[in-house]
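Engineer: I would like the atomic coordinates for the input below:
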Amino acid sequence: MSRSQLYAEALADLLRQREAASITERLNAVYEEGEPGLDQAIHRAQWKSIGRESW
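Structural biologist: I've put the predicted structure just below:
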């Protein structure tokens with residue numbers, strides 16, 4: 001493997017790692033905010049759509 005190819009592969013690997021870290025950081029920021037919960041209107045609509053079936 002030539003030196004320039006080694007540098008190119010190392011750089012590509014570094015960029016992939018940074019991209020993965022950036023995605024992880026953004027996801028962590030979203031999940032740190034907590035789960036907002038289910039909107040009550042959606043909850044009622046889902047509950048009504050189920051009906052009174054016995055499980």
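
Engineer: what packs against the longest helix seen in the chain?
Structural biologist: The single longest helix within the chain, with elements called by DSSP state H, is helix 3-32. If you count contacts as 3 or more C-beta pairs under 8 Å, 6 or more residues apart in numbering; DSSP states H and E, helix 3-32 packs onto no helix or strand. Quick note: C-beta positions are derived from backbone N, CA and C, even for glycine.

Engineer: Pull the distance from it to the chain's centre.
Structural biologist: 16 Å (C-alpha atoms, centre = their mean, to the nearest Å).

Engineer: Mean confidence (pLDDT) on it, please.
Structural biologist: Helix 3-32 carries an average pLDDT of 90.

Engineer: Quick check: the gap between residue 40 and residue 11.
Structural biologist: According to C-beta to C-beta, to the nearest Å, residue 40 and residue 11 sit 51 Å apart.

Engineer: repeat for residue 22
Structural biologist: 16 Å.

Engineer: Contact partners for the residue sitting furthest away from the middle of the chain?
Structural biologist: Distance from the C-alpha centroid of the chain, by C-alpha atoms, centre = their mean, peaks at residue 2 (37.7 Å). By C-beta atoms under 8 Å, 6 or more residues apart in numbering, residue 2 lies in contact with nothing.

Engineer: Quick check: phi and psi on it?
Structural biologist: phi -80, psi 160 (degrees, to the nearest 10).

Engineer: Residue 39 now?
Structural biologist: According to degrees, to the nearest 10, residue 39 has phi -60, psi 130.

Engineer: Give me the neighbour count for it.
Structural biologist: Other residues near residue 39 come to 9 when the count uses other C-beta atoms under 10 Å.

Engineer: any idea how far it lies from residue 46?
Structural biologist: 10 Å.

Engineer: again with residue 25
Structural biologist: 33 Å.

Engineer: swap in residue 38?
Structural biologist: Going from residue 38 to residue 46 by C-beta to C-beta gives 8 Å.
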